[in-house]
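Q: build me a model:
(one chain, ligands or ions: 2)
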Amino acid sequence: MTKIFISCALPYANGPCHLGHLRSTYIPADIYARYNRMAGNEVLMVCATDEHGTPIAVKADAEGKEPIEVAKRYHDMIVEDINSCDISFDNFARTTDEIHYQISQNFFKYLYDKGLIYEETIQQLYCENCEKFLPDRYVEGICPVCGAEARGDHCEVCGRALDPIELVEPKCLTCGNTPVIRDSIQYFFKLSHFQKPLEEYISTNPYLPPNVRNYAQNWLKEGLQDWIMTRDMKWGIPVPLEGAEGKVIYVWGEAFIGYMSSAAAWSRRTGIPWEDYWNGHVVHFIGQDIIYHH
Ligand SMILES: [Zn+2]
Ligand SMILES: [Zn+2]
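A: Ligands and ions are numbered 1, 2, ... in the order given. Below you'll find the model as predicted:
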């Protein structure tokens, strides 16, 4: 009898569940979980709604509501859809649960204490009218690559990931003002430190699907860059360090911890340690578009 940990990509709580979520992730994961339970294996299958980040904050601003209200509305809808499709999750949590905050902050602090997260001053867009920094989707402008209208973090037309300060004619999404560039201290994860061990892991892991391996190997060939882990905004998990007031952990720097915090919540409820499953056989079900973040 094997212990199997099954995680499913977290649906983002700014819209209802759609067929793509079910087809790409939840139904295949559910088939796999049910098969393994029938075969006599012990399965722990978890998921959660991903509730931080600028899209939810921007939507809340537009509706004159708090981000947590927007997230709760879509969390409830998503749970209803998942239940009506009888997806057999052992636990379905939220990244706004207290246990998720605790584990994410501990994880961040652990990496910082090990020297794997460091501070650096970078330039960011700041709206003097709204008196706030404009991370990611708080700013819109023109893509410097293809000339199309683009959001601060991404151009839908050419698919390029953008840094907001690269945008031509940037505009504050909230007030339409032209932002200025200001210095801001942010925290970076030393991803470059893991170049060698990741090359080793990715070339020798027999379980990786070929498209995932190719994708990751191409990325490794370009050389891993350190990764910005924080944002200047209110909505999110506060950075657990002195002097970091007003900064939150970037949503992609904590959302994936939702697999573990959802499992930890299950352990609290059942009294069964989730770590035995995590240290057993782990299978992640994700969409192709988020290989990068996993
Ligand atoms: Zn573009
Ligand atoms: Zn503004």
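Q: can I get the CA coordinates of the host helix or strand of Ile103 in PDB?
A: Ile103 is part of helix 98-113, with elements assigned from DSSP states H and E. The C-alpha coordinates for helix 98-113 follow below in PDB (Å, rounded to 0.1, in the frame of the first residue of the first chain):
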ATOM      1  CA  GLU A  98      -4.900  31.600   8.800                       C
ATOM      2  CA  ILE A  99      -2.900  28.400   8.600                       C
ATOM      3  CA  HIS A 100      -1.800  29.300   5.000                       C
ATOM      4  CA  TYR A 101      -0.600  32.700   6.300                       C
ATOM      5  CA  GLN A 102       1.400  31.000   9.000                       C
ATOM      6  CA  ILE A 103       3.000  28.400   6.800                       C
ATOM      7  CA  SER A 104       3.800  30.900   4.000                       C
ATOM      8  CA  GLN A 105       5.400  33.400   6.400                       C
ATOM      9  CA  ASN A 106       7.400  30.700   8.100                       C
ATOM     10  CA  PHE A 107       8.600  29.500   4.700                       C
ATOM     11  CA  PHE A 108       9.600  33.000   3.600                       C
ATOM     12  CA  LYS A 109      11.400  33.700   6.900                       C
ATOM     13  CA  TYR A 110      13.200  30.300   6.700                       C
ATOM     14  CA  LEU A 111      14.500  31.100   3.200                       C
ATOM     15  CA  TYR A 112      15.500  34.600   4.400                       C
ATOM     16  CA  ASP A 113      17.400  33.300   7.400                       C
END
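Q: quick one: contacts of it?
A: 48, 93-94, 117, 187, 189, 229, 237-241, 249, 253-254, 257-258, 260-262, 264-265, 268 (CB atoms under 8 Å, 6 or more residues apart in numbering). (Glycine included, C-beta is placed from N, CA and C.)
Q: quick check: mean pLDDT across it?
A: On average, the pLDDT along helix 98-113 is 98.
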